[in-house]
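Asker: just need the structure, nothing else, for what follows:
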Amino acid sequence: MEGGKPSLALVYQAVQALYHDPDPAGKERASVWLGELQRSMYAWEISDQLLQLKQDVESCYFAAQTMKMKIQTSFYELPGDTHMALRDSLLSHIENLKDLSPIIVTQLALAIADLALQMASWKGCVHTLIEKYSNEVSSMTFLIEILTVLPEEVHSRSLRIGANRRTEIIEDLAYYSSTVVTLLLSCVEKTGSNEKMLIKVFRCLGSWFNLGVLDSNFMANNQLLIVLFQVLQRDETTTNLHEAASDCVCSALYAIENVDTNMPLAMQLFQGVLTLETAYHMAVAREDLDKVLNYCRIFTELCETFLETIVRSPGQGMGDLRTLELLLICAGHPQYEVVEISFNFWYRLGEHLYKTNDAVLHSIFRPYIQRLLHGLARHCQLDPDHEGIPEDTDDFGEFRMRVSDLVKDVIFLVGSMECFSQLYSTLKEGNPPWEVTEAVLFIMAAIAKSVDPENNPTLTEVLEQVVLLPQTVHIAVRYTSIELVGEMSEVVDRNPRFLDPVLNYLMKGLREKPLASVAAKAIHNICSVCRDHMAQHFQGLLDIARALDSFALSTEAAVGLLKGTALVLARLPLEKIAECLSDLCAVQVIALKKLLSQEAGNGKSSDPTVWLDRLAVIFRHTNPIVENGQTHPCQKVIQEIWPVLSETLNKHQADNRIVERCCRCLRFAVRCVGKGSASLLQPLVTQMVGVYQVYPHSCFLYLGSILVDEYGMEEGCRQGLLDMLQALCMPTFQLLEQPNGLRNHPDTVDDLFRLATRFIQRSPVTLLSSQIIVHIIQCAIAATTLDHRDANCSVMKFVRDLIHTGIANDHEDDFEMRKQLIGQAMEQHGQQLVTQLIHTCCFCLPPYTLPDVAEVIWEIMLFDRPTFCRWLESALKGLPKETAGGAVTVTHKQLTDFHKQVTSAEECKQLCLHVLPEDQDYLLFATLKGDSIMERDDCK
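Answerer: Residues are numbered from 1 along each chain as shown. Below is the predicted model:
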């Protein structure tokens, strides 16, 4: 921080400005200045002094938050001999400030917890804290707060304590867990029915359940469990206390997911939750939605926990199907938010039953799924006074989409055809209100595709009746019936006699503003499935495409219609395709020409993206079958359109969004005709390189990779493509070499290495023999640290494919040359690459990237295992062995075991660092980096 240590008065003034300055600019300046202070060494001392002064809530909160942040991110700044003094100071502060504000107590509790986790010399911290503060009732609030956040922080991503230290802490917390529970129980006994204290106790207990360290037998017989269910059974329990108790029960149920090893506690929780049915009904009677939602969460968590038991032994012991009854009772609640809580369980149940594929088992659960589907259909009903079409973007619309997904996942248990027929019969035999009809049609649309369309009279009857619906029915019914028709495109394909009436019905919808987009989507579906039958209707589709903007279509629906038209176009005779494609593109091309001739700044929109996107979708989906030797029918059209695209690109070269759309359009044009776009290659590359020198849009790199993919194996194109790559690399390296260049431009990194990878795949010797390869490899090594999913994936793929080039296709003429060139590259960069990979795995990359790193390491080993062994040994020796808090991050034995396991691996999957639970490879990276087991589970 410039200017040395600031005075307390200046800091206090900045805090006051942050909270009270009426000028937003003043607040922003204060925020920036205080942020700099927090990052400086002075923050430790100033925070301590502000907490001692206890001047006001704002300054104390700032100081407490700063102290927590410094301990989390900058603990290494403090010498080891100051750790004890810091601990004592923090404990003194939390004791003195306990009555000032709960948020300050929480911040200080987090600071103390984070200190305890990192400070290896503080042995038995739980015991120390309980011994020091448990006798004073006034100290209970902050003591319980510390004991609540301590287990939560064990797996915090903000702390990098390492797996060894984390294991040590968890063992320590498990040892003292019964002492904590006893303290919580004694606290409840002392304070009686004090609501605030009970909430704190339940939060704390839930935190220890979440860590998974509570002894099952001890907890099964603990009075706290009884108190917990008593609170949930009482009608007079307040909302906040009810929520805390519910959270705690859910945490307990989650903690015993392995039921067989936690049998005593599992039994107590199972029986306890079953006693809550009456309380649920009371909450429904009182219209207390908060409590109803809490009970449904508990019932759902119960079912999730005992899912395997329920499937393994339905109706027996803890496979008691009363658990499913509880969820179906919740499904009967009039508010859809209640049943929505249980969706994940029903999905998982369906998945389990699908995998077991046992007809007897399916028959046991079928009635429950039937009742669920009946309830879901009722919940999907719109209000009787609803006007207009169903909304799909509001909360209820999103709920209906989730219902549709769930129905698709579980319908196999009931039988698609049986369910479809039952739903249809409710419409056929009765005369239900419009909202019931619409909901039934909605569920039918969800399952229509899973019904076998072959020789199915019910399906054809439904289709026949739906297209005869009069225009006088409620517009929501028409909307959903159009969706249903779109989902029944397979039926139309097998019964082409319905094509004309279906198209007539959809055209009526297309002409009405509220129905236009859904009708367009249905026409798109029909075109996709019935391409051959639709060829005779191509002229009609072309007429629609020409008049696209006369219909009230969403952007997505308009593009979908063009996609369907292009799919049908590709099925026309080859000699007709060129003319029809030209006609289809004409509207878009004319619009682009009009924009190009338009004077800048005349008030009209000059944005060409709508027309570029439409051309892109046409090129993307016009894929006729062209035999070898035949000229591609789209080639001439694309050559004619190129000047317009080129001019558009030139005009908008400074606008990244428009340039991206231009490149996307050109990408699909090139893909459409493949080698037939050769005449565009030179002018396109020249323009790309020229614009990129001034405006380095990463999409040019991506488009370059497409050109290399198409032409990289053509001898006459290789040098020109290499010149393109070199010309694009210079500005790219300048961009990435700026401060934080890699982090600030992940798209450029991603697209650069896509381009380099394509070159390695299509013309490896050309690239490996060039001077630019050294710079690309150096850039790749630097970019391995980038924790951006797509960019890192591209970098790792490039390095993997680069090294693989020295091993692959050893029967080809250029193999020896490739092997020699890769050998030279590895001799020059191998040690640096391996050291960087190990470093990035330990300190930079999230766990999900580790399999990609494993593949790179595997390729290096395949290329030269003995040399790799030496490189790995050198890299491991350079790793830090201790944390700032004095904890051992990695032992010599762990390093030796890791080296042995990696270098002796016989297949790549042995190196995939997150796949095998017992795999020490992953554990090394977890040990050094501090990745938790929870994080490892996330990337399975």
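Asker: and stretch 422-442, which residues are buried?
Answerer: Residues of stretch 422-442 classed as buried by neighbour count (16 or more other CB atoms under 10 Å): 423, 424, 427, 434, 435, 436, 437, 438, 439, 440, 441, 442. (Each C-beta comes from the backbone N, C-alpha and C, glycine too.)
Asker: for stretch 379-393, same thing?
Answerer: Using 16+ other CB under 10 Å as the test for burial, stretch 379-393 gives 379, 380, 381, 382, 386, 389, 390.
Asker: for residue 881, see how far away the first one is.
Answerer: Note on residue 379: its distance to residue 881, by CB to CB, to the nearest Å, is 59 Å.
Asker: do the third one as well
Answerer: According to CB to CB, residue 381 and residue 881 sit 65 Å apart.
Asker: residue 129 is in what secondary structure piece?
Answerer: helix 125-133 (DSSP states H and E).
Asker: OK, contacts around the nearest residue to residue 98 once chain neighbours are set aside?
Answerer: Leaving aside its sequence neighbours, residue 98 sits nearest to residue 142 (CB to CB, 6 or more residues apart in numbering; 4.9 Å). For residue 142, the contact set (CB atoms under 8 Å, 6 or more residues apart in numbering) comprises 94, 95, 98, 105, 108, 109, 133.
Asker: who wins for most neighbours among the residues you listed?
Answerer: Within the contacts of residue 142, most neighbours by other CB atoms under 10 Å means residue 108, with 29 neighbours.
Asker: circling back to that earlier point, sitting in strands, which of the buried residues of stretch 422-442 do you find?
Answerer: Among the buried residues of stretch 422-442, none falls in strands (DSSP state E).
Asker: from those residues, which land in helices?
Answerer: 423, 424, 427, 434, 435, 436, 437, 438, 439, 440, 441, 442 (DSSP state H).
Asker: now do the contacts for the second one.
Answerer: Looking back up the chat, that one is residue 424. Applying CB under 8 Å, 6+ apart, we find residue 424 in contact with 444, 458, 461, 462.
Asker: excluding its backbone neighbours, what's nearest the second one?
Answerer: Spatial nearest neighbour of residue 458, chain neighbours left out: residue 421 (5.3 Å); criterion: CB to CB, 6+ apart.
Asker: quick one: what helix or strand has the one you found in it?
Answerer: helix 416-429.
Asker: for the stretch 501-650 of the chain, what are the low-confidence residue spans?
Answerer: Along the stretch 501-650 of the chain, segments meeting pLDDT under 70 span 599-605.
Asker: dump the residue contacts of the closest residue in space to residue 763 that isn't next to it in sequence.
Answerer: Leaving aside its sequence neighbours, residue 763 sits nearest to residue 712 (CB to CB, 6+ apart; 4.6 Å). By CB under 8 Å, 6+ apart, residue 712 lies in contact with 718, 721, 758, 759, 761, 762, 763.
Asker: mind doing that once more with 10 Å?
Answerer: Applying CB atoms under 10 Å, 6 or more residues apart in numbering to residue 712 gives the contacts 705, 718, 721-722, 758-764, 766-767.
Asker: make JSON lines out of the residues you listed and add neighbour count, distance to residue 5 and pLDDT.
Answerer: Converted to JSON lines, those look like this (neighbours: other CB atoms under 10 Å; distance: CB to CB, whole Å; pLDDT from 0 to 100):
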{"residue": "705", "neighbour count": "25", "distance to residue 5": "53", "pLDDT": "97"}
{"residue": "718", "neighbour count": "19", "distance to residue 5": "62", "pLDDT": "94"}
{"residue": "721", "neighbour count": "25", "distance to residue 5": "59", "pLDDT": "95"}
{"residue": "722", "neighbour count": "19", "distance to residue 5": "57", "pLDDT": "96"}
{"residue": "758", "neighbour count": "24", "distance to residue 5": "55", "pLDDT": "97"}
{"residue": "759", "neighbour count": "29", "distance to residue 5": "55", "pLDDT": "96"}
{"residue": "760", "neighbour count": "27", "distance to residue 5": "54", "pLDDT": "96"}
{"residue": "761", "neighbour count": "17", "distance to residue 5": "57", "pLDDT": "95"}
{"residue": "762", "neighbour count": "20", "distance to residue 5": "60", "pLDDT": "95"}
{"residue": "763", "neighbour count": "22", "distance to residue 5": "60", "pLDDT": "94"}
{"residue": "764", "neighbour count": "24", "distance to residue 5": "58", "pLDDT": "95"}
{"residue": "766", "neighbour count": "19", "distance to residue 5": "59", "pLDDT": "95"}
{"residue": "767", "neighbour count": "24", "distance to residue 5": "55", "pLDDT": "96"}
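Asker: from these, which is closest to residue 787?
Answerer: Distance to residue 787, by CB to CB, is smallest for residue 705 among the contacts of residue 712, at 22.9 Å.
Asker: surely that closest one meets residue 754?
Answerer: Yes: when contacts are counted by CB atoms under 10 Å, residue 705 is listed as touching residue 754 (4.6 Å).
Asker: got any residues that touch both of these two?
Answerer: By CB under 10 Å, 6+ apart, the residues touching both residue 705 and residue 754 are residue 794.
Asker: residue ranges with poor pLDDT in this structure?
Answerer: In the chain, residues with pLDDT under 70: 1-3, 599-605, 912-940.
Asker: distance of residue 239 from residue 264?
Answerer: Distance from residue 239 to residue 264, by CB to CB: 32 Å.
Asker: residue 908 now?
Answerer: Residue 908 is 44 Å from residue 264, by CB to CB.
Asker: then residue 272?
Answerer: When residue 272 is compared with residue 264 (using CB to CB), they lie 13 Å apart.
Asker: between the two, who's got more neighbours?
Answerer: residue 272 (21 against 15).
Asker: I'd say residue 701 and residue 759 touch.
Answerer: No: if you go by CB under 10 Å, residue 701 and residue 759 don't touch, sitting 11.6 Å apart.
Asker: give me the common contacts of these two.
Answerer: residue 725.
Asker: check the contacts of residue 424 and tell me the two furthest apart.
Answerer: Pairwise over the contacts of residue 424, using CB to CB, the maximum falls at 444 and 461, 12.4 Å.
Asker: which residues do those two both contact?
Answerer: Common neighbours of residue 444 and residue 461 (CB under 10 Å, 6+ apart) are 421, 424.
Asker: more crowded one of the two?
Answerer: residue 444 (26 against 13).
Asker: contacting residues for that one?
Answerer: 377, 407, 419-421, 423-424, 427, 451, 462, 466, 480-481, 483-484, 487-488.
Asker: which residues does the residue nearest to residue 862 when sequence neighbours are not counted contact?
Answerer: With sequence-adjacent residues excluded and distances taken as CB to CB, 6+ apart, residue 862 is closest to residue 807, at 5.6 Å. Neighbour list for residue 807: 815, 818, 819, 822, 859, 862, 863 [criterion: CB under 10 Å, 6+ apart].
Asker: ok so residue 807 is a strand residue?
Answerer: No: Residue 807: not assigned to a strand; according to DSSP: H, G, I helix; E, B strand; the rest coil it is coil.
Asker: how close does it get to residue 815?
Answerer: Relative to residue 815, and taking CB to CB, residue 807 is found at 9 Å.
Asker: in three-state terms, label residue 455 for me.
Answerer: coil.
Asker: element containing residue 850, please.
Answerer: Going by DSSP H and E, residue 850 is in helix 850-863.
Asker: which strands and helices sit next to that helix?
Answerer: Other helices and strands packing on helix 850-863, by 3 or more CB pairs under 10 Å, 6 or more residues apart in numbering; DSSP states H and E, are helix 789-804, helix 815-843, helix 865-877, helix 892-903, helix 920-929.
Asker: for it, buried residues please.
Answerer: Those would be 850-861, 863, for helix 850-863 by 16+ other CB under 10 Å.
Asker: what's the most distant pair in those residues?
Answerer: Among those, the pair separated by the greatest distance (CB to CB) is 850 and 863, at 20.4 Å.
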